[in-house]
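Asks: Here you go, sequence then predicted model.
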Amino acid sequence: MTSTDNFHHLQHSALPPLALPPAIAPAVPPTAAPVKTLRVLHLINGEHYAGAERVQDLLAKRLPEFGYAVGFACLKLDKFYALRQTREAPLFDVPMRSRFDPRVARRVARIVREGRYRILHAHTVRSLLVGGVAAAMTGVPLVYHAHSPTSNDSTSRWKTRLNAAAERMFLGRVSRVIAVSKAMADHIASEGFDRAKIVVVPNGVPSLASIPFRKTPSGNWTLGVVGLFRPRKGLEILIEAMARLRGEGIPVRLLAVGAFESAGYADEIADRLHRRELADQVVWTGFSRDVTAELKKMDLLVLPSLFGEGLPMVVLEAMAAGVPVIASRVPGVPEAIRHGLDGVLVDPADADELARTVAAFVDGEYDWAAMRLSAFERQARLFSDRAMAEGVAVVYNDVLHAGQETEKQPTDGKDAR
């Protein structure tokens, strides 16, 4: 898609043409929704479709209810283009050839001007770099969405350090940071960002009208794991736990939903399963558009992450489907799962504890039926996609209101008198 095609797409998108809205009156409180629909351009990577991309997709669907229409500018357009659900949102291909490609910011600035976007919303360090420059070029405020801790997001030390340094450098250009959990807010504050400008908006997923009917499992329990599989997700720990369970005569199988980040890591996992003689106990589905349908086949969702979570979407999706969760006790997860009530938390990288916890469910030490009901009700009350969109819209309202207040401020001491 060329730049010309991109703007042609904007002009013929499902969104109606919008005139620039009038300035927000001083009397309007920061949380008031805009009178007319305003446009927000989300800057995203786009090469994957995992938790953060699911958030972006759901926001595009839900934000119009609160006066904001979303467009996307993708820096590494790939799976997001093919797999996104909200097709009516305009999508622009602005490929970033390298981390320091100055042409991209100019392209984004042009999209902002011609599309009359009022806010830029970045979701990754890469998009934060571009958004910082584009915001300076256009005078449009920039919002940054912190999905996971950048300084603890990868097993590659040099990549982690580079991304963390870049994040710290460009946070100074941000009007607000949206943190997906209190743990993420603490992380961003520790990077030196003004805590007063950090807003916690928990992730959210669609809620079901009623909890799906399920009988308490018996016999061979089905464990499930969902995500973009990469080293920090802890698949190795889960495999070792399954080997221990088999050694104790406890039958379990694994339903794995998702794609691998790399072919090399897929080969490593296949080799480990072969060595543990567990290959026939695992079903790989690949990526699924209907995660809820796959969750209904699971008795327990397992999230064995080693580190690097913000507030995992898959945990919320499992809660919405009434599937109890066993998850690593990493920052962010305990804000959704209350230990012993909505699921069970275990120490990361501890295969023995993970195996014991699964065995406790199988043996009836945990009330599986009560736990799934508690998780279902908690998700509907606190972690819906509508609540997430409303929280983000409040941030937008505050940012635009603050911008109007800044414009009113005198620029000279004499003017103040």
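Replies: Sure thing, it's come through.
Asks: got a list of what the residue nearest to K61 when sequence neighbours are not counted touches?
Replies: In this structure, K61 finds its nearest non-sequential neighbour in T86, 4.7 Å apart by Cβ to Cβ, 6 or more residues apart in numbering. Any C-beta I mention is one placed from the backbone N, CA and C, and that applies to glycine too. Neighbouring residues of T86 by Cβ atoms under 8 Å, 6 or more residues apart in numbering: D57, L58, A60, K61, V70.
Asks: what element comes up after the helix or strand the last one falls within heading to the C-terminus?
Replies: When you say that, I think you mean V70. Following DSSP states H and E, one finds V70 within strand 68-74. Counting by DSSP H and E, the next helix or strand C-terminal to strand 68-74 is helix 79-83.
Asks: tell me which element the residue nearest in space to the middle of the chain is part of?
Replies: By Cα atoms, centre = their mean, the chain has its centre lying nearest to A52, at 2.7 Å. Using DSSP H and E, A52 sits in helix 51-62.
Asks: Which pLDDT value belongs to the closest residue to E261 other than its chain neighbours?
Replies: Excluding the flanking residues, the one nearest E261 by Cβ to Cβ, 6+ apart is R230, at 4.0 Å. Predicted confidence (pLDDT) for R230: 91.
Asks: Ramachandran coordinates for R230?
Replies: Main-chain torsions, R230, degrees, to the nearest 10: phi -150, psi 170.
Asks: Kindly indicate which of the contacts of T86 lies nearest A318.
Replies: Checking those against A318 by Cβ to Cβ gives L58 as the nearest, at 16.2 Å.
Asks: show me what contacts that closest one?
Replies: Listed by Cβ under 8 Å, 6+ apart, the contact partners of L58 are T86, G204, V205, P206, D385, M388, A389.
Asks: Need the three-state assignment for the closest residue to the second one other than its chain neighbours.
Replies: What that stands for is G204. Of all residues not flanking G204 in the chain, M388 sits nearest, at 3.3 Å (Cβ to Cβ, 6+ apart). Assigned with DSSP: H, G, I helix; E, B strand; the rest coil, M388 falls in the helix class.
Asks: Now the residue nearest to the centre of the chain: closest residue in space, sequence neighbours ignored.
Replies: Excluding the flanking residues, the one nearest A52 by Cβ to Cβ, 6+ apart is H147, at 4.4 Å.
Asks: Could you verify my assumption that that neighbour touches E53?
Replies: No - with contacts counted by Cβ atoms under 8 Å, H147 stays clear of E53, the gap being 9.7 Å.
Asks: out of these two, which sits in the busier spot?
Replies: H147 (26 against 22; other Cβ atoms under 10 Å).
Asks: For the more buried one, give me phi and psi.
Replies: phi -90, psi -30.
Asks: residues contacting it?
Replies: The neighbours of H147, taking Cβ under 8 Å, 6+ apart as the test, are G51, A52, V55, H123, T124, V180, M184, G310.
Asks: from these, which single one is nearest G249?
Replies: Using Cβ to Cβ, G51 is the member of the contacts of H147 that lies nearest G249, at 35.4 Å.
Asks: Quick check: the nearest residue to E317 once chain neighbours are set aside vs L255, distance?
Replies: Using Cβ to Cβ, 6+ apart and skipping residues adjacent in sequence, the residue nearest E317 is V205, 5.0 Å away. Distance, V205 to L255, by Cβ to Cβ, to the nearest Å: 19 Å.
Asks: With L341 instead?
Replies: Computed as Cβ to Cβ, the L341 to L255 distance reads 24 Å.
Asks: L303 now?
Replies: 14 Å.
Asks: V205 and L255: which has the busier surroundings?
Replies: More neighbours surround V205 than the other of V205 and L255, with 24 against 19 (other Cβ under 10 Å).
Asks: Quick check: beta-bridge partners of the more buried one?
Replies: Under DSSP bridges, the beta-bridge partners of V205 are S384.
Asks: which residues does the residue nearest to F229 when sequence neighbours are not counted contact?
Replies: Among residues not flanking F229 along the chain, F260 sits closest, at 4.7 Å (Cβ to Cβ, 6+ apart). By Cβ under 8 Å, 6+ apart, the contact list for F260 reads L228, F229, R230, A266, I269.
Asks: Let me see the confidence value for F260.
Replies: F260 is assigned a pLDDT of 94 by the prediction.
Asks: what's the answer for R113, then?
Replies: If you check R113, the pLDDT there is 98.
Asks: got it, and A122?
Replies: Confidence score, pLDDT, at A122: 97.
Asks: and if you look at R97?
Replies: At R97, the model reports a pLDDT of 79.
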